[in-house]
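Undergrad: model the following, please.
(4 chains)
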Number of protein chains: 2
Amino acid sequence: MTTTGLDGFSLLDETWRTVTPDAARRMLIAAVQAFASKGYHATTTRDIASLAGMSPAAVYIHYRSKEELLFNISLVGHETSLALLSSIQGDGAAQRLKNAVAAFAGWHAEFHTTARVVQYELGALSPEHHAEVAELRRQIEQRMRSYIADGVEEGVFDVPDLKGATLAVLSLCIDVARWYQPGGKRTPDEIGAMYADLVLRMVRPN
Amino acid sequence: MTTTGLDGFSLLDETWRTVTPDAARRMLIAAVQAFASKGYHATTTRDIASLAGMSPAAVYIHYRSKEELLFNISLVGHETSLALLSSIQGDGAAQRLKNAVAAFAGWHAEFHTTARVVQYELGALSPEHHAEVAELRRQIEQRMRSYIADGVEEGVFDVPDLKGATLAVLSLCIDVARWYQPGGKRTPDEIGAMYADLVLRMVRPN
DNA sequence: CTTAGCTCTAAGCAACCGCTTAGTATGGAG
DNA sequence: CTCCATACTAAGCGGTTGCTTAGAGCTAAG
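TA: Sure, this is the predicted structure:
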């Protein structure tokens, strides 16, 4: 095995560390790249195999179907971003919300390849797999809502509509995956910081 | 011709009024519905024809290819939302930005079917068609930026990063098309009003 | 060395894709 | 009535799709 275009990628993205064996992980990373750049339906199993440097049939050694490949990506991606959002710390509700938005928006920029698949290919999942992922999405929403609710209870935030504000904040962060480009003016960290600032302005009292 | 599921739709959505002849318009509306619910690549020309109540070959009487169908949708959709954003009026920069966000976000809710195709199927356009649409997107961004810049010049907005804030505001509105569902708690107008309020909070001075 | 088990490939199958072709129905002009 | 243009359908073509099958290559236990 020499170059398949994956070498640099797998070093940058540690999301798939736990996927074994090696060939299964390379296949998954190839699928992430292909799904992200062309979309799930426009990607053929031959594309994925070719990106991973293997034959078309090799896909089915490690995965039952193309959809199962997508489900694995979606599941690990959602679990990773939920874990990230759950690990937020900080002094006071304002600091915690700031850290949460910076982390969540920053993740959607830094791992925009994974994030694009996670956020925009949900509809290609089977009903059973979709339901499983939807539960994780509910938990993500609940986490973000609690960060905002904390500030309201502390009296440091002024939010007329808690559910609406949560929706807007999550929406803002998620949409980063749509427009972010690696060669752009802002680094993922800068985007995270800028968005954290904008969100805090949104919830601050008059 | 009796029911194809389009009758109610075409009454609700006046975006395609100018498309003639009638069969071409019905085909386009069928394509919008199919592209929006399954994505461009997952939609077959047989799906579209069937939704329009015609034979598969009828698509090619009015359109050269499936991609040209998408291009027409994308072009008219972008022109419509640009026209909407360009027609904003109001007393003072704050009122104009408020109206602009309410209209733009509201449009992405009310016409979420069209908006989904417009915003999420850009990558399926041919390079030439994509370039044509990209120019319209630049004009949309410029419009929104000028509404924010006006407030900064008037001294009623405090925005550290004009381009960043414009990006965030557009992003917030566009992402409505991703999460909006017709049966939801909020009407398109309510979403527009809520988002206008959130954006004004974001740009107001301390 | 034998054998079992795992990973992978070469070849290909049935189904489906976008699109074309040949021909039919319709309606208006002369 | 004939003639012709337009709008449509039935049938199907070449190519591609997701996935399967049969078997080869490799590793390691006995």
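
Undergrad: how close does residue A:95 get to residue A:88?
TA: Relative to residue A:88, residue A:95 is positioned 9 Å away (C-beta to C-beta, to the nearest Å). C-beta: built from backbone N, CA, C; applies to glycine.

Undergrad: in terms of neighbours, single out the busier of these two.
TA: residue A:88 (19 against 16; other C-beta atoms under 10 Å in any protein chain shown).

Undergrad: need the contact list for the residue at the greatest distance from the centre of chain A.
TA: No residue in chain A sits farther from the centre than residue A:206, which is 33.2 Å out by C-alpha atoms, centre = their mean. Taking C-beta atoms under 8 Å, 6 or more residues apart in numbering or on different chains, we find residue A:206 in contact with residue A:158.

Undergrad: wait, isn't residue A:69 in contact with residue A:48?
TA: Yes - with contact defined as C-beta atoms under 8 Å, residue A:69 counts as touching residue A:48 (7.1 Å).

Undergrad: which residues do the two both contact?
TA: Both residue A:69 and residue A:48 are contacted by A:27, A:31, A:59, under the criterion C-beta under 8 Å, 6+ apart.

Undergrad: which elements pack onto the helix or strand hosting residue A:164?
TA: Residue A:164 belongs to helix A:162-174 when assigned by DSSP states H and E. Here helix A:162-174 touches helix A:92-110, helix A:127-154, helix A:188-203, helix B:162-174, helix B:176-179, helix B:188-203, going by 3 or more C-beta pairs under 8 Å, 6 or more residues apart in numbering or on different chains; DSSP states H and E.

Undergrad: how far off centre is it?
TA: Between the centre of helix A:162-174 and the centre of its chain there are 15 Å (C-alpha atoms, centre = their mean, to the nearest Å).

Undergrad: please apply the same query to stretch A:128-137.
TA: Chain-centre distance of stretch A:128-137: 14 Å, with C-alpha atoms, centre = their mean.

Undergrad: does chain B have contacts with that stretch?
TA: No - using C-beta under 8 Å from any C-beta of the partner chain, we find that stretch A:128-137 stays clear of chain B, coming within 10.6 Å at best.

Undergrad: quick one: that stretch near DNA strand D?
TA: No - Stretch A:128-137 does not reach DNA strand D (C-beta under 7 Å from any atom of the strand); its nearest approach is 12.8 Å.

Undergrad: next, the angle from the helix or strand hosting residue A:119 to helix A:188-203.
TA: If you go by DSSP H and E, residue A:119 is part of helix A:112-120. Angle, helix A:112-120 to helix A:188-203, by axes from the mean of the first three to the mean of the last three C-alpha atoms, to 10 degrees: 40 degrees.

Undergrad: skipping adjacent residues, who's closest to the residue nearest the centre of chain A in space?
TA: Nearest to the mean C-alpha position of chain A, by C-alpha atoms, centre = their mean, lies residue A:115 at 3.5 Å. Spatial nearest neighbour of residue A:115, excluding adjacent residues (C-beta to C-beta, 6 or more residues apart in numbering or on different chains): residue A:177 at 3.7 Å.

Undergrad: isn't the residue nearest to the centre of chain A up against residue A:105?
TA: No - judged on C-beta under 8 Å, residue A:115 makes no contact with residue A:105 at a distance of 10.3 Å.

Undergrad: what sits in contact with each of the two?
TA: Residues touching both residue A:115 and residue A:105 by C-beta under 8 Å, 6+ apart: residue A:176.

Undergrad: what is the mean pLDDT for the helix holding residue A:164?
TA: Per-residue pLDDT over helix A:162-174 has a mean of 97.

Undergrad: buried stuff in it?
TA: For helix A:162-174, the buried set under the neighbour-count rule, 16 or more other C-beta atoms under 10 Å in any protein chain shown, comprises A:164, A:165, A:166, A:167, A:168, A:169, A:170, A:171, A:172, A:173, A:174.

Undergrad: run through the residues that contact the first one.
TA: Remark: with contacts taken as C-beta under 8 Å, 6+ apart, residue A:164 is in contact with B:186, B:194, B:198.

Undergrad: let's see 6 Å
TA: By C-beta atoms under 6 Å, 6 or more residues apart in numbering or on different chains, residue A:164 lies in contact with residue B:194.
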